[in-house]
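# Requesting a structural model of the entry that follows:
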Amino acid sequence: MNFHVLTLFPEMIENAMSYSVIGRAVKEGIIKINAVNIRDFSKNKQRHVDDYPYGGGAGMVMQPQPVYDAYKSLNVKEGTRVLYMTPQGKPFNQEIVSELAVEEELVILCGHYEGIDERVIEEIVTDEISMGDFVLTGGEIPAMAVIDSVSRLKKGVLGKEESFMEESFSNGLLEYPQYTRPPVFMGRSVPDILLSGHHKNIDTWRHRQSLIRTMEKRPDILKSIQLNKDDKEFIEAYKSCTDTNFK
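Below is the predicted model of the structure:
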């Protein structure tokens, strides 16, 4: 899969994406990250890409011409999705990640300053994406989050398919708690069920832990999930149960 990132700080993208799982996937050629410096397409001697906004106001706005020329230099296929990272966009979630993971190529546009001239956004952008209701200094961090989350769903990036199949949001629920050695740490023991070797019971316990975690930490998610009869009965029993051993 190819990621093209239009940015004022290509080194930021290249350096951060050269480590860990994503860095290994790049080295193995499973994914490619092409960070394009928008400044290289400025027609200004000082390589300026911003100017004062029409109508006045604080801050500077990125000009349309360098952004458009940087995009055209990619020579991507018609229909290639262009993501603009902006707090005004659609909230990013695992459903969008799965949708983007089927693409062969993505273009990610990183804004800066007070934003980008609206005309070039209208011309090239297909999707506006937001990481949440907060403002960052630029779109580079959100762009890296998109690359990381989408890449993990591509075959060969993770060691095992189960690595992402059982994670938070992969089935609509938050992930169950994880444990490793030692069996006792700071007086806290690993749940006996995980040491039992009974895989069916372990799977049931993990699923119920996911239900509990989602109910307690993200009840909003639980409302949008189609639960079966057993899950509904378990949740109702859990809500009414005061026995801490119920888990």
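# So for the top helix by length along the chain, mean pLDDT?
In the chain, assigned by DSSP state H, the helix with the most residues is helix 199-217. Per-residue pLDDT values across helix 199-217 average out to 95.
# elements contacting the next helix or strand after it?
The helix or strand immediately downstream of helix 199-217 is helix 219-223, counting by DSSP states H and E. Applying 3 or more C-beta pairs under 8 Å, 6 or more residues apart in numbering; DSSP states H and E, we find helix 219-223 packed against helix 199-217. For the C-beta atoms, the positions are set from N, CA and C on the backbone; glycine is no exception.
# ok, and what's touching the helix it packs on?
Residues outside helix 199-217 that contact it (C-beta atoms under 8 Å, 6 or more residues apart in numbering) are 171, 173-177, 191, 193-194, 196, 221-222, 225, 231, 234-235, 238, 247.
# just to revisit the earlier point, quick one: buried residues of the longest helix of the chain?
Residues of helix 199-217 classed as buried by neighbour count (16 or more other C-beta atoms under 10 Å): Ile202, Trp205, Arg206, His207, Arg208, Gln209, Ser210, Leu211, Ile212, Arg213, Thr214, Met215.
# got the CA positions of it in PDB?
Output in PDB follows, covering the C-alpha atoms of helix 199-217 (Å, rounded to 0.1, in the frame of the first residue of the first chain):
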ATOM      1  CA  HIS A 199      -9.600 -22.400  26.100                       C
ATOM      2  CA  LYS A 200     -13.400 -22.300  25.700                       C
ATOM      3  CA  ASN A 201     -13.800 -20.900  29.300                       C
ATOM      4  CA  ILE A 202     -11.000 -18.400  28.700                       C
ATOM      5  CA  ASP A 203     -12.700 -17.200  25.500                       C
ATOM      6  CA  THR A 204     -16.000 -16.700  27.400                       C
ATOM      7  CA  TRP A 205     -14.200 -14.900  30.200                       C
ATOM      8  CA  ARG A 206     -12.400 -12.600  27.800                       C
ATOM      9  CA  HIS A 207     -15.600 -11.800  25.900                       C
ATOM     10  CA  ARG A 208     -17.400 -10.900  29.100                       C
ATOM     11  CA  GLN A 209     -14.500  -8.800  30.200                       C
ATOM     12  CA  SER A 210     -14.800  -6.900  27.000                       C
ATOM     13  CA  LEU A 211     -18.500  -6.300  27.600                       C
ATOM     14  CA  ILE A 212     -17.700  -5.100  31.200                       C
ATOM     15  CA  ARG A 213     -15.000  -2.800  30.000                       C
ATOM     16  CA  THR A 214     -17.100  -1.300  27.300                       C
ATOM     17  CA  MET A 215     -20.000  -0.800  29.600                       C
ATOM     18  CA  GLU A 216     -17.900   0.900  32.200                       C
ATOM     19  CA  LYS A 217     -15.600   2.900  30.100                       C
END
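# That helix: how far from the chain's middle?
On the basis of C-alpha atoms, centre = their mean, to the nearest Å, helix 199-217 sits 24 Å off its chain's mean C-alpha point.
# With stretch 107-121 instead?
On C-alpha atoms, centre = their mean, the centre of stretch 107-121 falls 19 Å from that of its chain.
# Rounded mean pLDDT for that stretch, please.
95.
# Pipe the buried residues of helix 199-217 into JSON lines and attach distance to Gly139 per row.
Output for these, formatted as JSON lines (distance: C-beta to C-beta, whole Å):
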{"residue": "Ile202", "distance to Gly139": "42"}
{"residue": "Trp205", "distance to Gly139": "41"}
{"residue": "Arg206", "distance to Gly139": "36"}
{"residue": "His207", "distance to Gly139": "37"}
{"residue": "Arg208", "distance to Gly139": "39"}
{"residue": "Gln209", "distance to Gly139": "36"}
{"residue": "Ser210", "distance to Gly139": "32"}
{"residue": "Leu211", "distance to Gly139": "36"}
{"residue": "Ile212", "distance to Gly139": "36"}
{"residue": "Arg213", "distance to Gly139": "31"}
{"residue": "Thr214", "distance to Gly139": "30"}
{"residue": "Met215", "distance to Gly139": "34"}
